[in-house]
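**Q** pasting the sequence and the predicted coordinates here, then a few questions.
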Amino acid sequence: MIEYPVPPDVSSSPLPFSPATKVGNLIFVSGQASTDEKGQIVSDTFENEFRRSLEHVRRILRACGSDLDKVARVNAYVKNATDLPQYNQLYREYFKPPFPARTTITNCLGKVLFEIDVIAVTG
């Protein structure tokens, strides 16, 4: 069975996707970027966009009975490759060894500087 948890404090997007889907003990979190409570993009510094995105992920995971320490897989999108050193530094604040499996794509994205999606487990 697939569940579609919608945490009350997570912004809704005008785009056609769910913030997360839950299948058994797996949680698939859709791409989270720097947005406000109405799903509108909040342009900011790379650090602030990163932190806003990760806090969205954290709220979604907690609403699903999980947290960042239960993340198994990270896909990250960094608009400018020059932000990679800062990305790796900030990443270490949110994820601890042993780190989740990770793919990072650079020189991408349009209006935002950072976006992230994750797969996590519950329990």
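**A** Arrived safely. Since the model is a prediction, treat every value here as computed from it, not as a measurement.
**Q** for the rest of this, base every contact and every neighbour count on C-alpha atoms.
**A** Noted.
**Q** any regions of the chain where pLDDT drops low?
**A** Across the chain, residues meeting the criterion (pLDDT under 70) sit at 12.
**Q** could you rerun that using 90?
**A** For the chain, the stretches flagged by pLDDT under 90 are 3-18, 36-40, 63, 123.
**Q** can you give me the helices in it?
**A** Using DSSP state H, the helices found in the chain span residues 46-63, 84-94.
**Q** JSON lines for those, including mean neighbour count?
**A** JSON lines is the format used below for those (neighbours: other C-alpha atoms under 10 Å):
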{"stretch": "helix 46-63", "mean neighbour count": "20"}
{"stretch": "helix 84-94", "mean neighbour count": "12"}
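**Q** reformat the ones you listed as TSV; add distance to residue 102.
**A** Formatted as TSV, the helices of the chain follow (distance: least, C-alpha to C-alpha, whole Å):
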stretch	distance to residue 102
helix 46-63	15
helix 84-94	11
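**Q** so which of those comes closest to residue 113?
**A** Nearest to residue 113 among the helices of the chain is helix 46-63 (6.0 Å), distances taken as C-alpha to C-alpha.
**Q** can you list the residues that contact that closest one?
**A** 5-7, 9-10, 19-20, 27, 29, 32-35, 42-43, 67-68, 83, 86-87, 90, 94, 112-118, 120 (C-alpha atoms under 8 Å, 6 or more residues apart in numbering).
**Q** then stretch 113-123?
**A** Contacts for stretch 113-123 (C-alpha under 8 Å, 6+ apart): 25-34, 46, 49-50, 53-54, 57, 61, 64-68, 70-80.
**Q** restricted to strands, list the residues you listed.
**A** Taking DSSP state E, the ones among those that sit in strands are 26-33, 71-78.
**Q** out of those, who's nearest residue 104?
**A** Once C-alpha to C-alpha is applied, the member of the ones in strands among the contacts of stretch 113-123 that ends up nearest residue 104 is residue 76, at 4.7 Å.
**Q** what's the distance between the closest one and residue 70?
**A** According to C-alpha to C-alpha, to the nearest Å, residue 76 stands 17 Å off from residue 70.
**Q** coming back round to it: just the buried members of the ones in strands among the contacts of stretch 113-123?
**A** 26-33, 71-74, 76-78 (16 or more other C-alpha atoms under 10 Å).
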